[in-house]
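Enquirer: model this:
(2 chains, ligands or ions: 2)
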Amino acid sequence: MEELLKVDNLVTQFRTPKGKLSALREVSFSVDKGETLCIVGESGSGKSITSLSIMGLLPSNGEVSDGSIQFKNTELVGKSERELERLRGNEMSMIFQDPMTALNPVFTIGYQLCEPLMIHKKLSKKEAIHESIELLTKVGIPNPSEKLKNYPHELSGGMRQRVMIAMAFACEPSLLIADEPTTALDVTIQAQILDLIYDLKEQIGMGVIFVTHDMGVVAEIADKVMVMYAGEVVEVGDVETLFNDPQHPYTKGLLAAVPNVDDKDQSLNTIEGSAPSLDEPINGCPFHPRCPFVMESCKVEKPPLFKVSDYQESKCWLQEESANDKSTVTS
Amino acid sequence: MIGLIIRRLFQLLFLLLGISFLVFMSMHLAPGDPAQIIAGPTASSSDLEAIREDLGLNKPVMVQYVDYLGSILQGDFGYSYQTNQSVSEAILTRFPTTVKLATASMILAIIIGIVAGMISAMRQNSWIDVSSTTISLAGVSIPNFWLGTMLILLFSVNLQWLPVGGLTEPWYTVEGIKELILPAITLGTASAALITRMARSSMLEVIQSDYVRTARAKGVKRHSITWVHALRNAMIPVITIIGINFGSLLGGTIITEQVFAINGIGRLMIDAIAARDFPVVQATVLLVAGIFVVVNLIVDIIYAIIDPRISYE
Ligand SMILES: Nc1ncnc2c1ncn2[C@@H]1O[C@H](COP(=O)(O)OP(=O)(O)OP(=O)(O)O)[C@@H](O)[C@H]1O
Ligand SMILES: [Mg+2]
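Expert: Ligands and ions are numbered 1, 2, ... in the order given. Down below sits the predicted model:
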């Protein structure tokens, strides 16, 4: 498979009153053409910041301070705002969590939808309107030519998210980043929006980074899953392997916390404790205070990302143990 | 929208009725006898009585008020006690001057305020931002009369660049503009400062909003983010402030007209109050109140044009 995006040792920091804090610490992963990568992890683990770093849309006090982001074999870190503007909305697009605030309240849907078409595809106003109507039809909005004249507040949350999706797909990007695009919506709408993104993705054949809390969604759409904890990648793997044979104790905890409808008597397992905040000093593995398998080495030294198989990597000292076991067995 | 306008005009009618009553009563209950002022300190009591009879001042106050309302409704605002000039005429000759002063100050304040506020916000914490924030803090706290006096001392008395006072030439002539500069700055400074502060904070909030991020995610260029996506949203609270501030701007014209010896409505009103010239006081106060309401109606209309979420149905 052809590589679309390659993120290498990405470090993103924020200037805060408490000094410079790292929200992402040496995050590495890749997305192939047409592949769907799901990023999971609890709140504050750095999922959104990973997405925004790629798009070059970090809040004003944040910056990528180390590492590289290669998109279609060109480096994005250090690119000027001008150059990024040419990519954004064109080669890569993003859908945000909250459709209620993501659209500009003082412009019509039509204006906002025509914008990327006129900027990137250099369409005339008339052509852009024509194209917008088609896009709205594609995302399942009834009466598209009427809707173009509406303002965002005249549409429901689900409809607004469809508009956001139409905007993101307008220039048929090769990478779509969707940051919890269904979290703010009703359950019934969630499924529709998910299907819509999936269908469009299949049509265009683009790579997708999908951020979510919902393991059910992951199982449904992911090719590959990346688990984040406290600004780091703790496990990556393809979706079957990761669900059937999670290696990292944190991943195991996340999967155990998913309710199972077949098992009514199941007691829901939650992971005790909470993730460290950005300004807390971390010794050893960031997960060790909450880890049921904690060992002495975990408190002292941070584990590297161990290769479990061709399809799976895990950042946990247990991996080293089992690797040693294997080597002792074979020798 | 039409509904809003009609409703507001009705409100205006009642408001003017209320104001006329209050002003009428306060003028008549306040100490100071117009007859005495007209006739001078040496007048005999029979002279005074004759004057009162003539002006209708010896009727009961309520009767006087009703008579007054009756004549207003016929468009007759009476005659000045001091000059015998018709009040409508006195107002009509002075009104354009005040409108010129207020409009110039307001335009100055809006342009300076919005531009300075936007630049401040776009370059947060730069020296431009710090100086504009400091100047605008000073600007809101400087009293009109002091600023006016200082400007006259500097630019008219010392440097002799601009006239000391008066506002009589048409605004589109060089002389007219020169006359207008100092009074417009004097009257507009406080509003400019207020608008700057509001525009800055509102802009700072808007550029961090989700929809600005969405616009950037679409690849919209930086300058159109600022001047198209952000500006229009940032203006919503600024327009509110402009509307609220207009009242104090009108109040400021009174002082500014005094300082610069400008024959406008403000001065007419002050002189009339001093002389207990009831008809002139009534008419000028009603006029100012009416302007205030109409300007706020205009603000509300602009508001609805800028922000589609606002509907006055
Ligand atoms: N502007 C900022 N300044 C300082 N810290 C920030 C800023 N934005 C985010 N952070 C911090 O960066 C960390 C990662 O945040 P991020 O938004 O990526 O979390 P997330 O995984 O998306 O969580 P959620 O599931 O709640 O969306 C958090 O600890 C957050 O507090
Ligand atoms: Mg997030």
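Enquirer: Going by secondary structure, residue B:290 is in what exactly?
Expert: Secondary-structure assignment from DSSP states H and E places residue B:290 in helix B:278-306.
Enquirer: in that helix, what counts as buried?
Expert: B:278-289, B:291-293, B:295-297, B:299-300, B:303 (16 or more other C-beta atoms under 10 Å in any protein chain shown). For the C-beta atoms, the positions are set from N, CA and C on the backbone; glycine is no exception.
Enquirer: cool, and stretch A:128-147?
Expert: By neighbour count on 16+ other C-beta under 10 Å, the buried set for stretch A:128-147 is A:128-129, A:131-133, A:135-136, A:138-141, A:144, A:147.
Enquirer: can you check stretch A:163-173 too?
Expert: Going by neighbour count (16+ other C-beta under 10 Å), the buried part of stretch A:163-173 is A:163-171, A:173.
Enquirer: just stretch B:224-244 next, same as before
Expert: For stretch B:224-244, burial by neighbour count (16+ other C-beta under 10 Å) applies to B:225-226, B:228-239, B:241-243.
Enquirer: how about the nearest residue to residue B:300, chain neighbours excluded?
Expert: residue B:4 (6.7 Å; C-beta to C-beta, 6 or more residues apart in numbering or on different chains).
Enquirer: any idea how far the helix or strand hosting that neighbour is from the chain center?
Expert: When secondary structure is defined using DSSP H and E, the element that contains residue B:4 is helix B:2-29. Using C-alpha atoms, centre = their mean, to the nearest Å, the mean C-alpha position of helix B:2-29 is found 18 Å from that of the whole chain.
Enquirer: Now do the buried residues in that helix.
Expert: For helix B:2-29, burial by neighbour count (16+ other C-beta under 10 Å) applies to B:8, B:12, B:15-16, B:19-20, B:23-24, B:27.
Enquirer: Show the average pLDDT along it.
Expert: Averaged over helix B:2-29, pLDDT sits at 85.
Enquirer: Let me see the contact set for residue B:61.
Expert: Taking C-beta atoms under 8 Å, 6 or more residues apart in numbering or on different chains as the criterion, residue B:61 is in contact with B:24-25, B:28-29.
Enquirer: Which members of these additionally contact ligand 1?
Expert: Residues shared between those and the neighbourhood of ligand 1: none [C-beta under 6 Å from any ligand atom].
Enquirer: Would you mind listing what in the stretch 51-200 of chain A touches ligand 1?
Expert: Of all the residues in the stretch 51-200 of chain A, those in contact range of ligand 1 (C-beta under 6 Å from any ligand atom) are A:59, A:61-62.
Enquirer: Excluding its own residues, what touches the longest helix seen in chain A? List them.
Expert: The single longest helix within chain A, with elements called by DSSP state H, is helix A:187-204. Under the criterion C-beta under 8 Å, 6+ apart, residues A:36, A:95, A:138-140, A:157-158, A:161-162, A:165, A:169, A:172-173, A:176, A:178, A:181-182, A:185, A:208, A:210, A:217, A:220-221 lie in contact with helix A:187-204.
Enquirer: Where does residue B:309 sit: helix, strand or coil?
Expert: Here residue B:309 takes the coil state, with states given by DSSP: H, G, I helix; E, B strand; the rest coil.
Enquirer: low pLDDT regions in the chain?
Expert: You didn't pick a chain, so chain A it is. Scanning chain A with the threshold set as pLDDT under 70 gives A:260-269, A:323-331.
Enquirer: try chain B instead
Expert: Residue ranges of chain B with pLDDT under 70: B:313.
Enquirer: Find the residue at the geometric middle of it.
Expert: When chain B is reduced to its mean C-alpha position, the nearest residue by C-alpha atoms, centre = their mean turns out to be residue B:250, at 2.0 Å.
Enquirer: before we move on, back to that, where's the helix holding residue B:290 relative to the chain centroid, distance-wise?
Expert: With C-alpha atoms, centre = their mean as the basis, the distance from the averaged C-alpha position of helix B:278-306 to the chain average is 9 Å.
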